[in-house]
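# can you look at this prediction? I've put the sequence above it.
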Amino acid sequence: MTQPSTGESTQPIDILLVEDNPADVRLTELALGEVGLTNTLHVVEDGREALAFLRREPEYADAVRPDLVLLDLDLPRVHGTEVLEALNADDDLRQLPVIVLTSSTADEDVAASYERHANAYVEKPVDMDEFVGVARVIEEFWLSTVKLPPE
């Protein structure tokens, strides 16, 4: 039986944030801190870096496998949907939970993300209180309720 959430994760988690906007990175950091996540937030700025991090390519040879990926779609170099395709095609990475966290509300982006096996699609809030609300839902569901796959 799942234990009810206390508002804080019971163990530290690693989150990979794939975000090219420094203001959105800062907002994410603040929101996650506000809900009491005991986590390590790793940040990469584009899709190519995300794949290199997840594949532990030479520049990220010591990278940890994240427990959760927060993925923006509109990224330089490699688009977020291409990152999803690459993850789904990789036997070692396809089980990683990926939440698309993006400003796009386009139906085609939502459909494309789920077709490529995103676990959730969340419109990125612009207001801090709303962002904290999203962070709280992520913590309560993805980090306190759901059993994540082992590495």
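Now that the structure is in, tell me what you want to look at. All values reported here derive from a predicted model rather than from experimental measurement.
# ok, the strand or helix carrying L16: who's next to it in the sheet?
Secondary-structure element containing L16, defined by DSSP states H and E: strand 13-18. According to DSSP bridges, strand 13-18 forms sheet pairs with strand 39-44 (parallel), strand 68-71 (parallel).
# quick check, central residue of this structure?
L70 (1.5 Å; Cα atoms, centre = their mean).
# isn't that residue right next to V18, touching?
Yes: counting by Cβ atoms under 8 Å, V18 is a contact partner of L70 at 6.9 Å. All C-beta atoms are positioned from the backbone trio N, CA, C, and that covers glycine.
# would you map the helices across the chain?
Chain-ordered helices for the chain, with DSSP state H as the definition, fall at 22-34, 47-55, 80-89, 107-115, 128-137.
# format those as TSV; extra columns: mean pLDDT.
As requested, those are exported to TSV (pLDDT from 0 to 100):
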stretch	mean pLDDT
helix 22-34	89
helix 47-55	97
helix 80-89	96
helix 107-115	96
helix 128-137	88
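# want to throw those helices into CSV with mean neighbour count and distance to Y121?
Conversion of these to CSV gives the following (neighbours: other Cβ atoms under 10 Å; distance: least, Cβ to Cβ, whole Å):
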stretch, mean neighbour count, distance to Y121
helix 22-34, 16, 16
helix 47-55, 21, 17
helix 80-89, 20, 11
helix 107-115, 15, 5
helix 128-137, 16, 12
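# no more questions from me, cheers.
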